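1. Mind looking at a prediction? Sequence and model below.
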Amino acid sequence: MNKNERVFVAGSTGMVGSAIIRNLVKQGFTDIIGTYRNRKPAFEHEAVRFFPLDLMDANQVAGFYAEQKPVYVFDAAAKVGGIVANNLYRAQFLYENLVIQNNIIHQAYVAGVKKLLFLGSSCIYPKMAPQPIKEEYLLTDKLEYTNEPYAIAKIAGLKLCENYNLQYGTNFIAAMPTNLYGPEDNYDLQNSHVLPALIRKFHEAKVQNAPNVTIWGTGSPLREFMHVDDLAAACVYLMDNYNENQFVNIGWGKDISIKALALLVKEVIGFNGDLVFDTTKPDGTPRKLLDVSLLTSLGFIPKIDLTDGIRDAYDDFLKKYINK
């Protein structure tokens, strides 16, 4: 990528989009644009401008591309949530994600964007996929039911990129991140992912001097976690170094049980009580570890280990949600 050409980061108010913007700024990109729907992001830098835009509105998105003429696009826009949100708002997760990504990808084609990266999710893979999960396992078996609508939308997005490349000769690549955490995460206990939910639970239990913290499920599922700044670095790296139709897994290549994760968060936060596992709650997919051999072969290695990453996420949580 030319650092002086315009870069559009869709989803720039979210955890992933804001991390990509921070990475681009750090690397010296001079013309970065993002969008917001309700509240303008607090991030300020001379190289970054934000515009109001409803990504659900095809006419607005078309007008935005025509006026701003981005050369590169990072599509990190999505309606996201954890097990509870995915299962409760099934129609919304399917419909809204389809509309958002269709608008961004199609209008990028119409506007003649030089290159686009679409971000999906590791939930696109079958519930019982062999481990670690290779890119080739897509569509080989049934999905996990609790997040099936979100997964189907993301599969459609990566297939949209693949087939626009085949039919129109675009350079639209796709990446599938593992479970993410870090600055700008969502700590709402009703719709957050497991790691930020644990950070909030353990913090509140510590403040209240509670005797224990309840963890959903058995604690046995295995999950892989990646700091969002590592993901952002990988995305920018792929935009600079990858032009194939095959989507790419992005992760650490290592996993941890939910129980071990909870113990690690407990240690970082300094909570002295016990863990209680509510086995009436769903575990979700038993294991989800990405095979990252393709990413590694391209020369990218993540840098932020889980303990340091949780410390960073907890510091962000304290600054933005507790000490504001």
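-> Everything's here; your move. Everything numeric here is computed off the predicted structure, so don't read it as measured data. Numbering: from 1, shown residues only.

2. Flag the shaky bits of the protein, pLDDT-wise.
-> 81-86, 191, 323-324 (pLDDT under 70).

3. okay, now residue 188: neighbour count?
-> A count of nearby residues for residue 188, using other CB atoms under 10 Å, gives 14. From N, CA and C alone the C-beta is placed, and that goes for glycine too.

4. can you check residue 39 too?
-> 8.

5. Now do the same contact list for it.
-> residue 13 (CB atoms under 8 Å, 6 or more residues apart in numbering).

6. ok, for residue 103, nearest residue in space, not its chain neighbours?
-> residue 61 (4.2 Å; CB to CB, 6 or more residues apart in numbering).

7. Check which element follows the host helix or strand of that neighbour along the chain.
-> Per DSSP states H and E, residue 61 falls inside helix 58-68. Using DSSP H and E, the helix or strand that follows helix 58-68 in sequence is strand 72-75.

8. What residues are bridge-paired with the nearest residue to residue 234 once chain neighbours are set aside?
-> Nearest residue to residue 234 in three dimensions, chain neighbours excluded: residue 250, at 4.8 Å (CB to CB, 6+ apart). Per DSSP bridges, the residues bridged to residue 250 are residue 177.

9. next one: residue 118
-> Beta-bridge partners, per DSSP bridges, of residue 118: residue 75, residue 174.

10. Return the distance of it relative to residue 235.
-> 10 Å (CB to CB, to the nearest Å).

11. what does residue 287 give?
-> 25 Å.

12. Which positions in stretch 263-282 come out as buried?
-> 264-266, 268-269, 271, 277, 282 (16 or more other CB atoms under 10 Å).

13. Among those residues, which are located in strands?
-> Here DSSP state E is the test, and those give residue 277 as lying in strands.

14. Could you pull out the helices in this structure for me?
-> For the chain, applying DSSP state H gives helices covering 15-26, 58-68, 83-88, 90-110, 148-168, 194-208, 228-241, 258-269, 293-297, 306-317.

15. I'd like these written out as TSV, with distance to residue 43 added.
-> Converted to TSV, the helices of the chain look like this (distance: least, CB to CB, whole Å):
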stretch	distance to residue 43
helix 15-26	6
helix 58-68	18
helix 83-88	25
helix 90-110	20
helix 148-168	25
helix 194-208	20
helix 228-241	13
helix 258-269	26
helix 293-297	27
helix 306-317	13
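
16. Near the residue nearest to residue 128 when sequence neighbours are not counted, how many other residues are there?
-> Nearest residue to residue 128 in three dimensions, chain neighbours excluded: residue 141, at 6.0 Å (CB to CB, 6+ apart). Using other CB under 10 Å as the criterion, residue 141 is surrounded by 12 other residues.

17. Likewise for the one 5 residues further on?
-> Residue neighbour count, defined by other CB under 10 Å, stands at 22 for residue 146.

18. I'd say residue 98 and residue 156 touch.
-> Yes. Residue 98 is in contact with residue 156 according to CB atoms under 8 Å; the separation is 6.1 Å.

19. contacting residues around residue 318?
-> Residues in contact with residue 318 (CB under 8 Å, 6+ apart) are residue 203.

20. What of residue 182?
-> 15, 19, 227-229, 309, 312-313, 316.

21. Kindly supply the PyMOL command isolating those of the residues you listed that are buried.
-> Burial among these is assessed by 16+ other CB under 10 Å; the matching PyMOL selection reads:
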select buried, resi 15+19+227+228+229+309+312+313+316
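
22. picking that back up, any common contacting residues for residue 118 and residue 235?
-> residue 175.

23. quick one, what contacts the residue nearest to residue 103?
-> Applying CB under 8 Å, 6+ apart, the residues near residue 61 are 53, 55, 103-104, 107.

24. Roughly how far does residue 57 sit from residue 13?
-> Applying CB to CB, the value for residue 57 to residue 13 is 16 Å.

25. Those two - which one has more neighbours?
-> residue 13 (22 against 14).

26. didn't that one look like it was pressed against residue 34?
-> Yes. Using CB under 8 Å, residue 13 is in contact with residue 34, at 7.4 Å.

27. can you list residues touching both of the two?
-> Joint contacts of residue 13 and residue 34 (CB under 8 Å, 6+ apart) are residue 41.

28. still on that earlier bit, in terms of distance to residue 196, which of the buried residues of stretch 263-282 ranks first?
-> residue 265 (9.8 Å; CB to CB).

29. Give me the nearest residue to that closest one, chain neighbours excluded.
-> residue 198 (4.5 Å).

30. and that neighbour, how many residues sit next to it?
-> Neighbours of residue 198 (other CB under 10 Å): 25.
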